[in-house]
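Student: predicted model follows, preceded by the sequence.
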Amino acid sequence: MKLSDICRAAAEGQDSVTAEELFGTLAVIRGCDAWGDAEAGFLYQPCRAPERLSLDMEFEDAYMRLEHIGHYPMTLLFFHESEQLLTAAILGESSVFNRFTSLTAAFRNGKKSPFACYYRAPDGTEQAFNPEHGLGFDHVFPNRRLEWIG
């Protein structure tokens, strides 16, 4: 999948970010989560494109996750070895449920894979996660699960 296609697909339907902004703030990360292993290897150090990245770069990885942190701004492209690891990363603290992450897009087998996240509310009901709800930083999201759409 070309990097241009990844950025375009991630930005599709978003009002807050364009494919050009994603590419312009992109770092490609292999082998770890950005907030994980301190000795993580970067395929490319964060930079402003097109200094090091090319929109024509091809990635053959089956499981990828693109995240945008709008206030910084910074965009990260992660690679995962399996769908289970991709799902776990999306449900983790540094992805959808992180108040600073403004966009998370998942890719499986070369295609954008829409998803919905759910958690158990204090009253015991399952709620769809929506970052627009304005929940505080101390809000906890127990019993998280992800559902692939389509």
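Tutor: Good, I have the coordinates. Residues are numbered from 1 along each chain as shown.
Student: low-confidence stretches in this protein?
Tutor: Along the chain, the parts satisfying pLDDT under 70 run over 30-52, 134-137.
Student: now with 80, please.
Tutor: Where the chain drops to pLDDT under 80, the residues are 28-53, 131-139.
Student: Three-state assignment for the residue lying farthest from the centre of the chain, please.
Tutor: Distance from the centre of the chain peaks at residue 123, with 29.1 Å (CA atoms, centre = their mean). Using DSSP: H, G, I helix; E, B strand; the rest coil, the structure places residue 123 in coil.
Student: next, the contact list for it, please.
Tutor: By CB atoms under 8 Å, 6 or more residues apart in numbering, the contact set of residue 123 is empty. The C-beta positions use only the backbone N, C-alpha and C, and glycine is treated the same way.
Student: quick one: it and residue 138, what's the gap?
Tutor: 18 Å (CB to CB, to the nearest Å).
Student: list the residues that contact the nearest residue to residue 26 once chain neighbours are set aside.
Tutor: Once flanking residues are discounted, residue 26 sits nearest to residue 75: 4.5 Å by CB to CB, 6 or more residues apart in numbering. Applying CB under 8 Å, 6+ apart to residue 75 gives the contacts 21-23, 25-27, 66-69.
Student: in a strand, residue 75, correct?
Tutor: Yes - under three-state DSSP, residue 75 sits within a strand.
Student: picking up where we left off before, restricted to strands, list the contacts of residue 75.
Tutor: Judged by DSSP state E, the contacts of residue 75 include 26-27, 66-69 as members of strands.
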